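Participant: Give me coordinates for this.
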Amino acid sequence: MPIAAKARQAMQSQSWIRQMFELGLQLRAQYGAENVFDLSLGNPVLEPPEAFRRELRRLADDPSLGTHRYMPNAGYMETRQAVADRLKRDLALPFTGEHVVMTVGAGGALNVVLKALLDPGDEVLALAPYFPEYVGYADNHGGVARIVPSGEAFQPDVEALERAVTPRTKALILNSPNNPSGAVYSDDALRGVARMLANAEKRLGHPVYLVSDEPYAGLVYDGLRLPRPLLCHSASIIVTSYSKDLSLAGERIGYLAVRPDCPDAQELVNACIWANRVLGFVNAPALMQRVVRALQDARVDVAWYQRQRDKLYNGLRGMGYSLHKPQGAFYAFPRSPVPDDVGFVKELLEERVIVTPGVGFGAPGYFRISYSVEERVLDGALDGFAKVAKKHGLG
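Facilitator: Numbers count the residues shown, from 1 in each chain. Reported below is the predicted structural model:
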């Protein structure tokens with residue numbers, strides 16, 4: 001057998017997101033891109049803000065020597081401090097550059113944190129619906145992902161989380177704004193999570209870390225203030241990236257930040273720096289570190305995403321689909337009109353509308369729509385949704 005059995009099994013059950021994305025490529029080749037309406041992948045459609053281009057051009061013309069060499073594994077201190085200054089301003093906590101490690105995107109940050117935290121058999125809690133790579137990331141480092149259903153409107157079910165805690169529980173991943181639901185976790189929900197974690201730590205006699213996965217924190221709608229999970233629990237770590245709020249997904253630049261009063265904060269940061277090296281990331285991309293240092297307050301046009309959200313939400317509701325209004329990110333997560341979400345997704349494929357079944361996010365009976373697409377794609381998809389809605393007597 002040329003490859004590992006675990007790799008073979010993982011390849012056979014690969015992410016539904018990627019399966020649908022690859023199917024979209026096939027359909028575009030068959031029918032033409034203008035006749036396919038692919039809403040499967042959370043790929044930022046907006047271009048980075050002009051401030052990014054200006055800073056990139058400035059750095060490209062900088063004649064200074066050594067700007068593309070290795071740096072400390074944690075990244076440039078000037079960039080780490082710029083991130084810390086923004087966190088200090090937003091969260092009113094005494095962050096310094098020493099609490100920040102620059103990483104290869106949020107995915108790299110999550111792997112670094114889990115490598116630093118997990119012993120073999122340790123458990124990581126996550127709420128369904130969830131980003132499916134969490135399971136693989138925990139497994140990468142000998143851990144086990146325990147998936148817990150969410151409550152009403154995709155808010156955390158604190159009682160269910162409490163029941164899921166075992167002596168091996170080491171961390172809880174929270175993702176707000178959430179992929180795939182677009183839900184923003186409320187202050188009340190986070191206070192409940194904080195009580196649950198405090199109770200768990202007393203019972204277990206060791207920290208249970210809250211890992212706040214925040215790549216969509218800059219995409220929140222309707223003037224909503226984003227409650228920050230880091231503020232509800234001292235043993236907390238932010239993992240995030242500039243992939244969504246600056247549209248830099250392909251540049252793979254992000255960071256992790258350990259809350260300053262986290263137990264053994266410096267030891268945890270040092271473990272993350274070690275993990276960044278031994279996992280083969282070595283350091284985050286040098287050029288992108290230098291670019292984002294100057295862009296801590298820059299954002300893409302969030303209002304454009306909100307208009308896309310409104311068009312999709314109002315259109316689907318008018319057709320009779322059942323869904324909660326997304327409060328952030330760029331996804332909607334409607335309920336399938338039939339229990340078989342995979343079967344329903346196949347019906348949409350007949351109209352060349354591509355979405356992702358909810359089973360891929362631990363929530364069968366739903367399906368995910370990414371509205372980070374060109375306006376013509378969303379308009380064409382809405383026509384397809386309407387045709388399938390009529391087949392099911394919606395409206």
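Participant: what ranges do the strands span in the chain?
Facilitator: If DSSP state E is used as the criterion, the strands of the chain fall at 37-38, 100-103, 123-128, 144-149, 169-175, 209-213, 236-241, 254-258, 331-332, 353-354, 356-357, 367-370.
Participant: Of all the ones you listed, which one comes closest to Gln266?
Facilitator: Of all the strands of the chain, it is strand 254-258 that lies closest to Gln266, at 8.5 Å by CB to CB. The C-beta positions use only the backbone N, C-alpha and C, and glycine is treated the same way.
Participant: ok, residues contacting stretch 89-97?
Facilitator: By CB atoms under 8 Å, 6 or more residues apart in numbering, the residues outside stretch 89-97 that reach it are 77, 80-81, 83-85, 87-88, 228, 230-231, 257, 259-261.
Participant: Check the burial of Met20 by counting its neighbours.
Facilitator: Using other CB atoms under 10 Å, Met20 is surrounded by 22 other residues.
Participant: ok now do it, which residues does it touch?
Facilitator: Contacts of Met20 (CB under 8 Å, 6+ apart): 38, 40-41, 345, 354-356.
Participant: Which residue, neighbours along the chain excluded, lies closest to it?
Facilitator: Closest residue to Met20 in three dimensions, ignoring its sequence neighbours and counting by CB to CB, 6 or more residues apart in numbering: Ser40, at 3.8 Å.
Participant: so what's the one you found up against?
Facilitator: Neighbouring residues of Ser40 by CB under 8 Å, 6+ apart: 17, 20-21, 23-24, 354-356, 370.
Participant: Distance check, the closest residue to Lys391 other than its chain neighbours against Pro357.
Facilitator: Using CB to CB, 6+ apart and skipping the chain neighbours, the partner closest in space to Lys391 is Glu347 (7.2 Å). Noted for Glu347: a distance of 11 Å to Pro357, by CB to CB, to the nearest Å.
Participant: So if I had to pick from these two, which one is more boxed in?
Facilitator: Remark: of Glu347 and Pro357, Pro357 carries more neighbours, 24 against 18, as counted by other CB under 10 Å.
Participant: Next up, the contacts around Ser212.
Facilitator: 174, 176, 228-230, 236-239.
Participant: try Pro337
Facilitator: Contacts of Pro337 (CB under 8 Å, 6+ apart): 321, 344, 389, 392, 394.
Participant: I'd say the fourth one and Gly343 touch.
Facilitator: Put plainly, it is His392. No: assessed by CB atoms under 8 Å, His392 is found out of contact with Gly343, at 11.5 Å.
Participant: neighbour-wise, which of the two wins?
Facilitator: Neighbours were counted for His392 and for Gly343 using other CB under 10 Å; His392 has more, 15 against 11.
Participant: Once you drop chain neighbours, what's closest to the more buried one?
Facilitator: Leaving aside its sequence neighbours, His392 sits nearest to Pro337 (CB to CB, 6+ apart; 4.3 Å).
Participant: For the one you found, give its distance to Ser322.
Facilitator: From Pro337 across to Ser322, the span is 8 Å (CB to CB).
Participant: Could you pull up phi and psi at the residue nearest to His392?
Facilitator: Main-chain torsions, Pro337, degrees, to the nearest 10: phi -60, psi -20.
Participant: sorry, back to before: from the contacts of Ser40, pick the one nearest Gly142.
Facilitator: So of the contacts of Ser40, ranked by how close each gets to Gly142 (CB to CB), first place is Ile17, at 24.9 Å.
Participant: What count of nearby residues applies to that closest one?
Facilitator: Around Ile17 there are 22 residues (other CB under 10 Å).
Participant: And for Arg18?
Facilitator: Applying other CB under 10 Å, we find 14 residues neighbouring Arg18.
Participant: before we move on, the earlier item: okay, and which of the contacts of Pro337 map to helices?
Facilitator: Residues of these located in helices (DSSP state H): 344, 389.
Participant: Please check the contacts of Pro337 and keep the buried ones.
Facilitator: Among these, those scoring as buried are 321, 344, 389, 394 (criterion: 16 or more other CB atoms under 10 Å).
Participant: Of these, which is the nearest to Gln9?
Facilitator: Using CB to CB, the buried ones among the contacts of Pro337 come closest to Gln9 at Phe344, 26.7 Å.
Participant: pretty sure the closest one contacts Val338?
Facilitator: Yes: with contacts counted by CB under 8 Å, Phe344 reaches Val338, the gap being 5.4 Å.
Participant: buried ones in stretch 293-309?
Facilitator: Those would be 293-295, 298, 300, 302, 305-306, 308-309, for stretch 293-309 by 16+ other CB under 10 Å.
Participant: now swap in stretch 90-109 and tell me
Facilitator: Within stretch 90-109, the residues that count as buried by 16+ other CB under 10 Å are 91, 93, 95, 97-109.
Participant: Regarding that stretch, how distant is the last residue from the first?
Facilitator: Length of stretch 90-109, first residue to last, CA to CA, to the nearest Å: 20 Å.
Participant: cool, and stretch 100-109?
Facilitator: Start and end residues of stretch 100-109 are separated by 11 Å (CA to CA).
Participant: Domain map for the protein?
Facilitator: Following automatic domain parsing, one gets these domains for the chain: 5-48+301-391, 66-293.
Participant: can you tell which of the ones you listed is closest to Leu59?
Facilitator: Nearest of the domains of the chain (CB to CB): domain 66-293, 5.5 Å.
Participant: Run the chain-centre distance for the closest one.
Facilitator: 10 Å (CA atoms, centre = their mean, to the nearest Å).
Participant: Quick check: Ala217 touching Thr240?
Facilitator: Yes: using CB under 8 Å, Ala217 is in contact with Thr240, at 6.6 Å.
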